[in-house]
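Peer 1: Give me a model of this one.
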Amino acid sequence: MIFKFVDAITPDGYNPYRVTREGFEWEVPDPRDPWSYVGYWGDHQVIYLLRLLEASERYHPGFIAKLSTRRLFAYANIPYRIKPYEDMLNDPRKTIEFDFTLNQEIQKKVSMIGTDGKLVQDENGEIYHVNLIEKLLVILLAKLSNYVPEAGIWMNTQRPEWNDANNALVGYGVSVVTLCYLRRFLAFCKKSL
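Peer 2: Sure thing, here's the model as predicted:
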């Protein structure tokens, strides 16, 4: 589960819509469907991944540390693009653009090579692998770059954070829960890695 979850994290430090048995998936905007919606989940990487890592450390002490420097993990290639900071300030509820061209390219790769077609590839078409430390740092940087002092983590990815009382304030709210878990996440990393 840790591998599946970590591999679903994007190079910009977020998660897609859903992690499934077959990998992961994202939502595609559909002008005919008023419920179609795009956006990254911001709490999954810290809260849910941390719980998986903590459980692993309890039952398999030292296993996470052994994974920390081995290039075993991939990045999810999701056709979402976070808008520049100035654009986010102008409209905090519309912070992500959907890249229809990239979506088609990814779907073509999936039809040829399977779900690995959803992963970031290098210039030779090989899956780009990184170690666990890099993945955890990407998560931390994504969260810390959206930290609002004396408030929390800015919910600027068009999705709520399930565990937060400000659930309905996407774009204008902050997540105190994710901030608190971020502290716990850092403490876990310091102790375990």
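Peer 1: where does the residue of the chain most remote from its centre fall, helix, sheet strand or coil?
Peer 2: In the chain, counting by Cα atoms, centre = their mean, Arg32 sits farthest out from the average C-alpha position, at 27.4 Å. Here Arg32 is recorded as coil under DSSP: H, G, I helix; E, B strand; the rest coil.
Peer 1: And it, its phi and psi?
Peer 2: Dihedral pair for Arg32: phi -90, psi -10, per degrees, to the nearest 10.
Peer 1: can you tell me which residues contact it?
Peer 2: By Cβ atoms under 8 Å, 6 or more residues apart in numbering, the contact set of Arg32 is empty. (Each C-beta comes from the backbone N, C-alpha and C, glycine too.)
Peer 1: Could you give the number of residues near Gln104?
Peer 2: 11 (other Cβ atoms under 10 Å).
Peer 1: What separation is there between it and Asn131?
Peer 2: For Gln104, the distance to Asn131 (Cβ to Cβ, to the nearest Å) stands at 31 Å.
Peer 1: now swap in Ala151 and tell me
Peer 2: Ala151 is 32 Å from Asn131, where distance means Cβ to Cβ.
Peer 1: Kindly report the same for Ser192.
Peer 2: 14 Å.
Peer 1: swap in Pro92?
Peer 2: From Pro92 over to Asn131 (counting by Cβ to Cβ), the distance is 34 Å.
Peer 1: who does the lengthiest helix in the chain touch, helix- and strand-wise?
Peer 2: Longest helix in the chain, counting residues (DSSP state H): helix 176-192. Packing partners of helix 176-192 (3 or more Cβ pairs under 8 Å, 6 or more residues apart in numbering; DSSP states H and E): helix 49-59, helix 132-144, strand 152-154.
Peer 1: Provide a list of residues in contact with the residue nearest to Tyr14 when sequence neighbours are not counted.
Peer 2: What sits nearest to Tyr14 in space, not counting adjacent residues and going by Cβ to Cβ, 6 or more residues apart in numbering, is Tyr40, at 3.5 Å. Contact analysis of Tyr40 by Cβ under 8 Å, 6+ apart lists 10, 14-16, 78, 80, 82, 96, 157-159.
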